[in-house]
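Undergrad: turn this into a structure:
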Amino acid sequence: MLQVQPIPTNMESYPVDPTQLRRCLISGLFEEQVEAGGKLRTFYTYLKPGLVYDQPCLVVAPPDGVPTLEYLEQSPWMALAQKHDLFLHVLVPQAGGWDLTGADADYMNAVYVRINSRSSYVVIQDNIYAIGVGRGASVAQQAVMKMSSEWSGLATFGDLEQDILLHAQATAPAVNTGKTELSISAAKVPVPVWMSWTTSAGANAQVLSYWQKLNDSDPEPYTNRWANEIYLPRPVCKTSQINEEKISQVRVTNRFDGQLREEFLEAVWAYLSQACRHRSFGTKALRRRIDPEEYGFTRHTLEWDGFTRMWYEYVPEQVKTLRRPVPLVVCMHGRGGSAESFLSLSDLSRVAQERDFIAVFPEAGIYQQRPGEVLNLLLWNGSYEGRSIDDVGFVLAVLEQVKKRWPVDESRIYACGQSSGGMMTTTLAQKAPQVFAAVSPWSALVNPDRDLKLPQTIHPAVPFFFLLGDRDWLCTDWEHGELEYHVTHEIAAFLRHLMKLYGLSTTPMQYTCGEVHYYVYPNQKQVPMLVVGLVRDMTHANYPAESWYTYDQFFSKFSKEKDGTLLYMGQPVI
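TA: Predicted coordinates for the structure are as follows:
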């Protein structure tokens, strides 16, 4: 018999593991509730011992002919979660079984939102997958059809109901939850899908056709050991795949007998887990997940401030054989994220691969976002037990470690980061201006929850390349915002102060390239010491192309000599 605990409502008494800051503070099987359709609905959350934050999540709609806990105990889902370090969330049908009018699809999507609340554990919206079994298959299908831009994949096991497509054209309302960073665009977009049923006929065939159309599938199927039909995306792709990759296959297993065998589930998960979905401009972008080991990243740790801290390094193979110093870019994730999640989200390693530099992805310290919630939400320059965490010192220590292993061009060290990582980028420019030749904060500049302290000087000067979305709840205020791009008062105050410190023109030159409108503030020698890029139709987010813009348009042009002289394309800035 499974032992179920109520989810804790106050996490402040649960200590943090100093050897793994992202480790969940609780483990076991928990009962949670969420409001859906004006009712409180129950769902179960399983956290294996030792699970760490930001791992992939499975949200399962089980069969409605058996009690949920009995099904969970007999099914393979907990074993799969244990083996692959997954968060597992299991829905509970009401007494009359699953409601296929769309109400239970809304319940499943409400669970998606609820698990992103970061109150008792921390998941990341980039890697959440919908699963449906038996009649729960129809619920999962409807949920993903209504909110396809949020789910990273869908797998269903069982024949689908006749009214499955009643709400196929509907979308869930857009949602922006603010400080939990969850933004739901709820658009119709491609989704990696695997469907198992008896045969591709009736409602099953209709749903197959739906996903083939949405995923722009080639009509000629392939096959493998586990799938009778594999429809790949059509090879025609009119846009680049820097941000959105065309990877959504439609897979079908016919003659499914209702048995979820371990080997088959392993094959399904191996397929689904390849994809992740990140915030971007417009809708969220589906991408192939970067596995650190497969892609050649190395993981490192050091003891700092009483904690075991970690980071990833990416050194392109050709850089290892160049035998000359190369640039280095520090890239920092946002609040609640992790170094590993930011590998895919930023995609900076591909820029490093093509531009011959070393990319370093450190992982933040911790803090408590709200009273009663977890004490170990990752955030730069946070605190624990009333003591501030020295993340500036940690990043500088990481750089020293990297320089011991690889020939780094110390005149070309740069920093970039998103959200809390953007704030950390600004902090590094102020606290270690002798180290960084240029910085690029994305989606944040200063911390609005702390008193703004304008630096008396930044010497030697550090140029800024600030990118933000025109719908960013943290950075913009279209009713009361300041400057040409309507940023918040704190950001405007910092930018004006930067213009004053560097003697910049306060009337920017402007131009548009693609989705970004740029505001360029030159100094007296016409060097762009401050550039602000406003991204069209983007909320609090960043996307891979920003990494290319940042390096090619900005970082690559600046260097800093040992005496602090800042150079722009080889010439002194002042």
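Undergrad: correct me, but residue 207 touches residue 159?
TA: No. Contact criterion Cβ atoms under 8 Å: residue 207 and residue 159 do not qualify, at 10.2 Å. C-betas here are computed from N, CA, C, even on glycine.
Undergrad: of these two, which one has the most company?
TA: Shown here are residue 207 and residue 159; by other Cβ atoms under 10 Å, residue 207 has more neighbours (26 against 21).
Undergrad: ok so the more buried one is a helix residue?
TA: Yes. Assessed by DSSP: H, G, I helix; E, B strand; the rest coil, residue 207 belongs to a helix.
Undergrad: end-to-end on stretch 535-549?
TA: Using Cα to Cα, to the nearest Å, the end-to-end distance of stretch 535-549 comes out at 12 Å.
Undergrad: which residues touch it?
TA: 176, 181, 183, 242-243, 278-282, 285, 287, 331, 345-348, 350-351, 416, 418-419, 442-443, 467-475, 515-517, 533 (Cβ atoms under 8 Å, 6 or more residues apart in numbering).
Undergrad: can you say which of these are buried?
TA: Taking 16 or more other Cβ atoms under 10 Å as the criterion, what is buried in the contacts of stretch 535-549 is 181, 183, 242-243, 278-282, 285, 287, 331, 345-348, 350-351, 416, 418-419, 442-443, 467-475, 515-517, 533.
Undergrad: from the residues you listed, which land in helices?
TA: Secondary structure from DSSP state H places 345, 346, 348, 350, 351 of the buried ones among the contacts of stretch 535-549 in helices.
Undergrad: what's the closest of those residues to residue 115?
TA: For those, the closest approach to residue 115 (Cβ to Cβ) belongs to residue 345, at 19.0 Å.
Undergrad: for that closest one, what are its contacts?
TA: Going by Cβ under 8 Å, 6+ apart, residue 345 touches 126, 278, 333, 337, 418, 542, 543, 544.
Undergrad: the third one and residue 545: what is the separation?
TA: Looking back up the chat, that one is residue 333. Separation of residue 333 from residue 545 (Cβ to Cβ, to the nearest Å): 18 Å.
Undergrad: in what helix or strand does residue 194 lie?
TA: Assignment of secondary structure by DSSP states H and E places residue 194 within strand 193-196.
Undergrad: make a markdown table out of the ones in helices among the buried ones among the contacts of stretch 535-549 and add distance to residue 10.
TA: Listed next are these as a markdown table, based on distance: Cβ to Cβ, whole Å:
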| residue | distance to residue 10 |
| --- | --- |
| 345 | 31 |
| 346 | 35 |
| 348 | 38 |
| 350 | 43 |
| 351 | 43 |
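Undergrad: let me have those residues in a markdown table, extended by pLDDT and distance to residue 266.
TA: Listed next are those as a markdown table, based on pLDDT from 0 to 100; distance: Cβ to Cβ, whole Å:
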| residue | pLDDT | distance to residue 266 |
| --- | --- | --- |
| 345 | 94 | 26 |
| 346 | 96 | 30 |
| 348 | 98 | 31 |
| 350 | 98 | 29 |
| 351 | 99 | 34 |
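Undergrad: which one of those residues sits closest to residue 298?
TA: Among these, residue 348 lies closest to residue 298 (Cβ to Cβ), at 15.2 Å.
Undergrad: what sits against that closest one?
TA: Residue 348 is in contact with 314, 329, 331, 359, 361, 416, 547, counting by Cβ under 8 Å, 6+ apart.
Undergrad: got the contact list for stretch 310-321?
TA: Residues from elsewhere that reach stretch 310-321 (Cβ under 8 Å, 6+ apart): 292, 295-301, 326, 339-340, 343, 348-349, 352-353, 356-363, 398, 402, 406.
Undergrad: in contact with residue 440, which residues?
TA: Going by Cβ under 8 Å, 6+ apart, residue 440 touches 414, 415, 416, 425, 464, 465, 466, 467, 550, 554, 555.
Undergrad: tally of neighbours for the fifth one?
TA: Okay, so that is residue 464. 25.
Undergrad: ok, and the closest non-adjacent residue to it?
TA: Nearest residue to residue 464, sequence neighbours excluded (Cβ to Cβ, 6 or more residues apart in numbering): residue 530, at 5.1 Å.
Undergrad: these two touch, right, that neighbour and residue 496?
TA: No. The criterion here is Cβ under 8 Å, and residue 530 misses it with residue 496 at 10.4 Å.
Undergrad: with neighbour numbers in mind, choose between these two.
TA: The neighbour comparison of residue 530 against residue 496 (other Cβ under 10 Å) goes to residue 530, with 20 against 15.
Undergrad: can I take it that the more buried one is in a strand?
TA: Yes. With three-state DSSP as the criterion, residue 530 is located in a strand.
Undergrad: and it, what are its bridge partners?
TA: Residue 530 forms beta bridges with residue 464, residue 521, as assigned by DSSP bridges.
Undergrad: what residues are up against it?
TA: Applying Cβ under 8 Å, 6+ apart to residue 530 gives the contacts 463, 464, 466, 495, 498, 499, 502, 504, 520, 521.
Undergrad: before we move on, what about residue 112?
TA: Contacts for residue 112 (Cβ under 8 Å, 6+ apart) come out as 59, 128, 143, 147, 150, 151.
Undergrad: repeat for residue 40
TA: Residues near residue 40 by Cβ under 8 Å, 6+ apart: 33, 34.
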